[in-house]
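Undergrad: Quick check, what structure comes out for this input:
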Amino acid sequence: MNGTATCDDLPVSYPSAADRKTVLTRLRTLCLALPETSERLSHGAPSFFVRDKKCFLMLLDNHHGDGRFAIWCAAPQGDQQLLVDADPQRFFVPPYVGHRGWLGVLLNDGVDWDELAGIVEDAFCTVAPQRLVESAGLLR
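TA: Residues are numbered from 1 along each chain as shown. Have a look, this model is predicted:
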């Protein structure tokens, strides 16, 4: 072994390539339905931006061999700690951006799409300008 974990080497459940693609497709639909959003790779991960500038969500697939299929996203102040404390098996503080209040959401064991839609909307509202949030009919 070369020291780099592959999906087959991971000790936890890991979704198949087809399941990961389905999640990306549905996540893309949720994110791009929000006003003035776009997608591009950032640090090798599909990432979603407001007005092509401010990232609000990334989909990470075994980032640096961490065994996680997860999103990292902006979160309203206080939500990160609240959710991590409530369910540390699903929510975590992501590296690099966690100190800014971003939230990690583990998707290894499936997705609650209603919950994820709310998390995506919260992430968007956390980053988007107030006027854009208001014009979209979203509340902060």
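Undergrad: Tell me the buried residues in stretch 33-45?
TA: 34, 37, 39 (16 or more other Cβ atoms under 10 Å). Any C-beta I mention is one placed from the backbone N, CA and C, and that applies to glycine too.
Undergrad: Pull that stretch out as PDB, backbone CA atoms only.
TA: Output in PDB follows, covering the C-alpha atoms of stretch 33-45 (Å, rounded to 0.1, in the frame of the first residue of the first chain):
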ATOM      1  CA  ALA A  33     -31.800  26.700  -7.600                       C
ATOM      2  CA  LEU A  34     -30.700  29.500  -5.300                       C
ATOM      3  CA  PRO A  35     -30.300  32.900  -6.900                       C
ATOM      4  CA  GLU A  36     -27.000  34.000  -8.400                       C
ATOM      5  CA  THR A  37     -25.200  30.800  -7.500                       C
ATOM      6  CA  SER A  38     -22.600  28.900  -9.500                       C
ATOM      7  CA  GLU A  39     -20.500  25.800  -9.300                       C
ATOM      8  CA  ARG A  40     -16.800  25.200  -9.900                       C
ATOM      9  CA  LEU A  41     -14.000  23.100  -8.500                       C
ATOM     10  CA  SER A  42     -12.300  24.600  -5.500                       C
ATOM     11  CA  HIS A  43      -9.400  22.700  -4.000                       C
ATOM     12  CA  GLY A  44     -10.400  19.700  -6.100                       C
ATOM     13  CA  ALA A  45     -14.000  19.600  -4.800                       C
END
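Undergrad: Going by residue numbers, what spans are strands in the protein?
TA: Using DSSP state E, the strands of the chain run over residues 37-42, 45-50, 54-61, 69-73, 91-92, 103-106.
Undergrad: So which of these is the most surrounded?
TA: strand 69-73 (a mean of 26; mean count of other Cβ atoms under 10 Å).
Undergrad: That one: how far from the chain's middle?
TA: In terms of Cα atoms, centre = their mean, to the nearest Å, the centre of strand 69-73 is set 3 Å apart from its chain centre.
Undergrad: What strands line up against it, and which way round?
TA: Sheet pairing here is set by DSSP bridges, and for strand 69-73 it gives strand 54-61 (antiparallel), strand 103-106 (antiparallel).
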